[in-house]
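K.L.:
Build me a model from this:
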Amino acid sequence: MKSAKIAVVPDFDNIISDYKSDYSDQNIIKKNVKPKYGDAAFLAYSQQIVKHPNYAGMPDPFGEKGEIQWEAPSNRASGKFKHTHQRRYEWWKNKARSIGIDPDTENAWISKTAKIIHPFGVKPCKKCGKEMQLSYSYPNEHFFSRIKKLNYIDETFELSQNEHIVDLLTRLDDRFGEKIYSDLSYLFSTKFITTPELPNNLEAWIEYLKEQYIPQESRMLSPGAMANPPDRFDGFHSFNRCCRSTADKGRTKENLKSYVTDRRVFEYWVDGDWVAADRLMGQVRTNDIFIKEECLNTGNGGLHPMPCQADHIGPISLGFSHRPQFQLLCKSCNSAKNNRMYLSDVTSLLEAENEGHTVISWFAEEVWNRLKHSVDDTEKALRLSKILRDNRHTYMNLLKKILDEGYYTFLASLLHLEVANYTPEFEGLYISKHVTYFKAIKKSKRETKYTIVQKARRIRIAFTSLNDYHRKESRNAFIVSNELSENYFSEAMDNLQSLSTVTTSLDERIAGIMSENSNSENEFRVIILELQEIITRNQEKFNLILKNLMSGMSEIGKELESSWTNDRYVRSSPDDIIE
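P.N.:
Alright, predicted model coming up:
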């Protein structure tokens, strides 16, 4: 069912200066193999680097069979290239002198040289192809040790050493609002860096981090790839921060912990008021009303330490809406629940529906409506969880097909960007039966600049995370389809094609922005207003395409309902964990 997609490498003699745009134009073929140099993006990158004038004169660039000699280890004891490491070391010395760095007197001269001469400032990982910046832009254990000391940060706020510090700060603002700004000086200040007094707004702090803090290479941050000349041709480790814990035998998972899971991608492609939901999650850890509340499972025995965490009653990883209502679970209960439901969750969701709330996203509505009343015990709740998981994977596969066809404008219309126009304030917050409630939400108009920042970030990460999700090589899920669903999806593609006369120009611009990783968010800010205008002007046509997709996913729901007693979903034990 599953096949790897590997890009065809371009003609080696016709490589252009920007490896990203070159790679994005390549044809895609299906082969269950990997290029010799690792991920296809890394191979394209290595070919760009070896031809780049910044590395002209690098000793022994090619092996005896004409292959790129990317690595030059110092422990080669024999052979034609046993002295390559030393020859390249001398090359780096000469290069340093040519750009005004004295290798005899300056500390870390060789890594400084590698950073200065690198033509892109970003490189793909050899193992997975994920691109990361070479600047000190990613939070490390020093930073995390501080942030975990904040009493309102818990495991529901995910932390990853692979997330750019600006993205992390934006998520903190999304969740906790102005409260976070009183702690930023504590988080970022070091012995050599004292953060200045800045306004309590995201824009000011983003500008400071990008323009002043990151260039100082703070000990609180780390680069996307460590410098490693002369061992590597470009002067950087082949494995980026994302994969060094598994691909590099000298590193361990304990050294490079990652807390972000696939769940991140689902936040962007489900329904719901994501701004209000994020803010209410922040209230669970900062408002005394919720901090003093016991765990939902306290009456079932065992230890349930407070304060509790905000749990999505219906997991967004299964297609439920990212909406502002949560049940409170202690850390251990929330962790044990993972991406599955129990009977109590289904019961609570049905109660919310009876109160008029929309709990499920459009792509999972059919299967939920067909099976929700069949759940009368824990085993059936877990069974429904697994079915919803396959439904979601089918949906993600559909989104990826649309992305591969380049219909970015339409996909952006699914991201609910409009909710970023307002800042929510909850009135009459209260807790009942361990579930959060409020009497009303007051929404005030946001400043235009801040709104654009939030929308640009959402678009960029939604598209990036969708690609990352499908890069994973092994998944215990399969794609559900039948003739009717494929007909509806095909009709949607035809309608997207007919709309391309309106969207092609913007689609191509977005594709170009996605290929320029380092400044993509700034570029997205430029096109936000045009994007919104096109979506608004063509809303009726976009709705028709969405209707096609909804009809197709409805057929998927019917197909999954018929599998209710299939061995894939029936469980012998309620303790089985969904991988």
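K.L.:
Which residues are in contact with the closest residue to A420 other than its chain neighbours?
P.N.:
In space, and not counting its chain neighbours, A420 is closest to Q454: 4.3 Å by Cβ to Cβ, 6 or more residues apart in numbering. From N, CA and C alone the C-beta is placed, and that goes for glycine too. Applying Cβ atoms under 8 Å, 6 or more residues apart in numbering, we find Q454 in contact with 170, 174, 275, 420, 446.
K.L.:
For Q454, pull up the helix or strand it's in.
P.N.:
helix 448-471 (DSSP states H and E).
K.L.:
where exactly do the strands run in the stretch 401-550 of the chain?
P.N.:
Here the stretch 401-550 of the chain has its strands, by DSSP state E, counting those that start in this stretch, at 422-427, 430-432, 435-437, 440-445.
K.L.:
So which of the contacts of Q454 sit within helices?
P.N.:
170, 174, 275 (DSSP state H).
K.L.:
and which of those residues is nearest to F236?
P.N.:
T170 (26.7 Å; Cβ to Cβ).
K.L.:
In stretch 554-566, which residues are buried?
P.N.:
554-557, 559-560, 563-564 (16 or more other Cβ atoms under 10 Å).
K.L.:
and these as CSV, adding distance to S332, secondary structure and pLDDT?
P.N.:
Converted to CSV, the buried residues of stretch 554-566 look like this (distance: Cβ to Cβ, whole Å; DSSP: H, G, I helix; E, B strand; the rest coil; pLDDT from 0 to 100):
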residue, distance to S332, secondary structure, pLDDT
S554, 38, helix, 98
E555, 40, helix, 98
I556, 35, helix, 97
G557, 34, helix, 97
E559, 37, helix, 96
L560, 31, helix, 97
S563, 33, coil, 95
W564, 31, coil, 96
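K.L.:
which among those residues gets closest to F326?
P.N.:
G557 (26.2 Å).
K.L.:
so the closest one makes contact with V367?
P.N.:
Yes. The pair G557 / V367 is scored as a contact, 3.8 Å apart, by Cβ atoms under 8 Å.
K.L.:
Determine the residues that are contacts of both of the two.
P.N.:
N391.
K.L.:
pretty sure V375 contacts A381?
P.N.:
Yes. At 5.1 Å, V375 and A381 qualify as touching, with contact defined as Cβ under 8 Å.
K.L.:
shared neighbours of those two, anything?
P.N.:
The contact sets of V375 and A381 overlap at 343, 346 (Cβ under 8 Å, 6+ apart).
K.L.:
do you know how far G319 is from L343?
P.N.:
19 Å (Cβ to Cβ, to the nearest Å).
K.L.:
So these two - more neighbours on which side?
P.N.:
G319 (25 against 16; other Cβ atoms under 10 Å).
K.L.:
Let me see the contact set for the nearest residue to that one once chain neighbours are set aside.
P.N.:
By the measure of Cβ to Cβ, 6+ apart, the closest residue to G319 outside its immediate chain neighbours is A364, 3.0 Å from it. A364 makes contacts with 318-320, 388, 391-392, 395, 553, 557, as judged by Cβ under 8 Å, 6+ apart.
K.L.:
at 10 Å instead, please
P.N.:
270-271, 314, 318-321, 387-388, 391-392, 395, 553, 556-557, 560 (Cβ atoms under 10 Å, 6 or more residues apart in numbering).
K.L.:
Need the pLDDT of it.
P.N.:
In this model, A364 is scored at 98, pLDDT.
K.L.:
where does it land in three-state SS?
P.N.:
Classification of A364 using DSSP: H, G, I helix; E, B strand; the rest coil returns helix.
K.L.:
now the closest residue in space to K541 that isn't next to it in sequence: how far from Q539?
P.N.:
For K541, ignoring the flanking residues on the chain, the nearest one in space by Cβ to Cβ, 6+ apart is L499 at 5.5 Å. Distance, L499 to Q539, using Cβ to Cβ: 12 Å.
K.L.:
So the two - more neighbours on which side?
P.N.:
Comparing L499 with Q539 by neighbour count (other Cβ under 10 Å), the higher total belongs to L499, at 19 against 12.
K.L.:
Tell me if I'm right that the more buried one and S413 touch.
P.N.:
No. L499 lies out of contact with S413 (Cβ atoms under 10 Å); the separation is 11.0 Å.
K.L.:
quick one: the residue positioned nearest the centre of the chain from A56, how far?
P.N.:
The centroid of the chain falls nearest to S465 when counting by Cα atoms, centre = their mean (3.8 Å). In this view, S465 and A56 are 38 Å apart by Cβ to Cβ.
K.L.:
residue contacts, the closest residue to M220 other than its chain neighbours?
P.N.:
Nearest residue to M220, sequence neighbours excluded (Cβ to Cβ, 6+ apart): F143, at 4.3 Å. When contacts are counted by Cβ under 10 Å, 6+ apart, F143 touches 159, 161, 165, 168, 187-188, 218-222.
K.L.:
Buried among those? Make that a PyMOL selection.
P.N.:
To isolate the buried members of the contacts of F143 in PyMOL, using 16+ other Cβ under 10 Å:
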select buried, resi 159+161+165+168+187+188+218+220+221+222
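K.L.:
Sitting in helices, which of the contacts of F143 do you find?
P.N.:
Going by DSSP H, the helices hold 165, 168, 187-188 from these.
K.L.:
Closest one of the ones in helices among the contacts of Q454 to N339?
P.N.:
D174 (21.5 Å).
K.L.:
Out of the strands of the stretch 401-550 of the chain, which gets nearest to E486?
P.N.:
strand 422-427 (39.0 Å).
K.L.:
Could you measure from the closest residue in space to A492 that isn't next to it in sequence over to Y268?
P.N.:
Counting by Cβ to Cβ, 6+ apart, A492 lies nearest to N548, which is 3.6 Å off, once chain neighbours are set aside. From N548 across to Y268, the span is 21 Å (Cβ to Cβ).
K.L.:
Domains in this protein, by residue range?
P.N.:
5-124, 136-223, 263-561 (automatic domain parsing).
K.L.:
Distance to P230 for the ones you listed - can I get that in a markdown table?
P.N.:
Formatted as a markdown table, the domains of the chain follow (distance: least, Cβ to Cβ, whole Å):
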| stretch | distance to P230 |
| --- | --- |
| domain 5-124 | 4 |
| domain 136-223 | 18 |
| domain 263-561 | 25 |
